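>>> Sequence plus the predicted model coming up.
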Amino acid sequence: MEIIFVTSALHGGGAERVLTTLANRFAGQGDRVTILMTAGDEVVYPLHPKIEAVSIGQASHGNPAVQIRRLFQIRKFFRAHRKAYIVSFSTTINLFTALASPGLKNRVILSERNDPNQCGYAWLRNLLYRLGDGFVFQTEEARDCFPVFVREKSAVIPNPIRRDLPEVFTGRREKKIAAVGRLEPQKNHRLLLEAFAAFHKRYPEYTLHIFGAGALEQALDERRAEMKLEDCVILEGFHQDILERIRACSMYVLSSDYEGISNSLMEAMALGIPCISTNCPIGGSAMCITHGKNGLLVPVGNADALQEAMERLAASYAAGDGFAEKIGRNAAEIRDTFAEEKIAAGWRSYIAGER
């Protein structure tokens, strides 16, 4: 098969991580794989040597002339690869891909990677999605946000767990709490700070480590200072080896207001870290976590519930009752549930029109 993955750039987001995991696997199986980047040339993820990464421009910053030129460049690229299967990731890129494809013989798959309810132009999205040949969603809840004509041509395929993750941690855990994600409003790190501040009064030996970069970095730093948490909340920034840095932590916390499926949450679970997540739309966290068995779910936006969940795990460690350890052991089973080879096989079958 010849497969073209379309994205803005490979600058470190969750959608890009899934894309590169699939691309690397398909290339390793002998498929001809191209990653077409429409708004940049940054590549932070390792790529299989047989993958061709092509950039056709930089970010438009809303410039209509740049966007129109991008549209024609995408169509030109598709026409030069008439037998390729096209797989687009994320709503905005999906719209460009759909607009560039009429009259071409390529099979075009559009994939949603976040909560569709957050789209501010759903009417336009739904109109242009009529040009797609197929659709991939992470959860049934995401799929059900769309009209019947989309649902009838869709597949629900969760995110894959990469095979190259570090081993499940089995030693004595450090009194650290990890959070991983872009420093953007969606992730609601302010809620996490509020919950941690209350938690820290009872468990002052713990520190919070927030990994990621983004537009709210300065605001989060200022809020940390206002709350006098500089000594116990560390803004770690972005690191390629995040999993190695967090694998010995006592717990992982996802405080998002909404998500598709959080890759960072899945990988933390795969490392055997006891995890806490908001039960956010569109059901991605609930797909991964059975509350009280392999993680803890709390209501979105509820700092008290988040604090209580953190205290439940900390109290378990202190009492030595085994609850936190059991949560972590059960969480690690996600490696098999969402194994890369299973998820990639589902993708490949759907791309080829076999399901």
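Received the coordinates, thanks. Numbering: from 1, shown residues only.

>>> Show me where the stretch 101-250 of the chain has its helices.
For the stretch 101-250 of the chain, the helices defined by DSSP state H, counting those that start in this stretch occupy 122-128, 140-143, 148-151, 189-202, 217-226, 242-246.

>>> Run through who's touching the fourth one.
Put plainly, it is helix 189-202. 177, 179, 181, 183, 206, 208, 210, 216, 220, 223-224, 227, 229, 232-233, 253, 255, 301, 303-304, 306-307, 310-311, 314 (Cβ atoms under 8 Å, 6 or more residues apart in numbering). In this view, the C-beta of every residue, glycine as well, is placed from N, C-alpha and C.

>>> buried ones in it?
189-197, 199-200 (16 or more other Cβ atoms under 10 Å).

>>> again, but for the second one
Within helix 140-143, the residues that count as buried by 16+ other Cβ under 10 Å are 141-143.

>>> contacting residues around residue 46?
20, 24.

>>> Please report the distance of it from residue 24.
With distances taken as Cβ to Cβ, to the nearest Å, residue 46 is found 8 Å from residue 24.

>>> any weak-confidence spans in the chain?
Across the chain, the ranges flagged by pLDDT under 70 are 355.

>>> what about the strands in it?
Applying DSSP state E to the chain gives strands spanning 2-7, 32-37, 52-55, 85-89, 108-111, 134-137, 154-156, 174-180, 207-211, 233-237, 249-254, 275-278, 296-298.

>>> angle of the longest one against helix 189-202?
Between strand 174-180 and helix 189-202, the angle formed by their directions is 170 degrees, by axes from the mean of the first three to the mean of the last three Cα atoms, to 10 degrees.

>>> one step back: so which of the buried residues of helix 140-143 would you say is closest to residue 37?
residue 142 (24.4 Å; Cβ to Cβ).

>>> Against residue 311, how distant is the residue of the chain most remote from its centre?
The centre of the chain is farthest from one residue, residue 319, which by Cα atoms, centre = their mean lies 34.1 Å away. Distance, residue 319 to residue 311, by Cβ to Cβ: 12 Å.

>>> could the helices of the stretch 101-250 of the chain be laid out in CSV, adding distance to residue 2?
Listed next are these as CSV, based on distance: least, Cβ to Cβ, whole Å:
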stretch, distance to residue 2
helix 122-128, 24
helix 140-143, 27
helix 148-151, 25
helix 189-202, 41
helix 217-226, 40
helix 242-246, 32
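
>>> Mind checking those for the one nearest to residue 51?
Nearest of those (Cβ to Cβ): helix 242-246, 22.3 Å.

>>> Need the CA coordinates for stretch 221-241. PDB is fine.
Provided in PDB are the C-alpha atoms of stretch 221-241 (Å, rounded to 0.1, in the frame of the first residue of the first chain):
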ATOM      1  CA  ASP A 221       4.400  30.100  36.600                       C
ATOM      2  CA  GLU A 222       2.800  33.300  37.900                       C
ATOM      3  CA  ARG A 223      -0.100  31.400  39.500                       C
ATOM      4  CA  ARG A 224       2.400  29.000  41.100                       C
ATOM      5  CA  ALA A 225       4.200  32.000  42.600                       C
ATOM      6  CA  GLU A 226       0.900  33.500  43.800                       C
ATOM      7  CA  MET A 227       0.100  30.200  45.600                       C
ATOM      8  CA  LYS A 228       3.600  30.000  47.000                       C
ATOM      9  CA  LEU A 229       4.200  26.600  45.500                       C
ATOM     10  CA  GLU A 230       7.500  27.400  43.800                       C
ATOM     11  CA  ASP A 231       9.400  24.900  46.000                       C
ATOM     12  CA  CYS A 232       7.000  22.000  45.400                       C
ATOM     13  CA  VAL A 233       5.600  22.500  41.900                       C
ATOM     14  CA  ILE A 234       8.200  22.100  39.200                       C
ATOM     15  CA  LEU A 235       7.500  23.200  35.600                       C
ATOM     16  CA  GLU A 236       9.700  20.700  33.700                       C
ATOM     17  CA  GLY A 237       9.100  21.900  30.100                       C
ATOM     18  CA  PHE A 238       9.100  19.500  27.200                       C
ATOM     19  CA  HIS A 239      11.500  16.400  27.200                       C
ATOM     20  CA  GLN A 240      11.900  13.600  24.700                       C
ATOM     21  CA  ASP A 241      12.500  11.100  27.600                       C
END
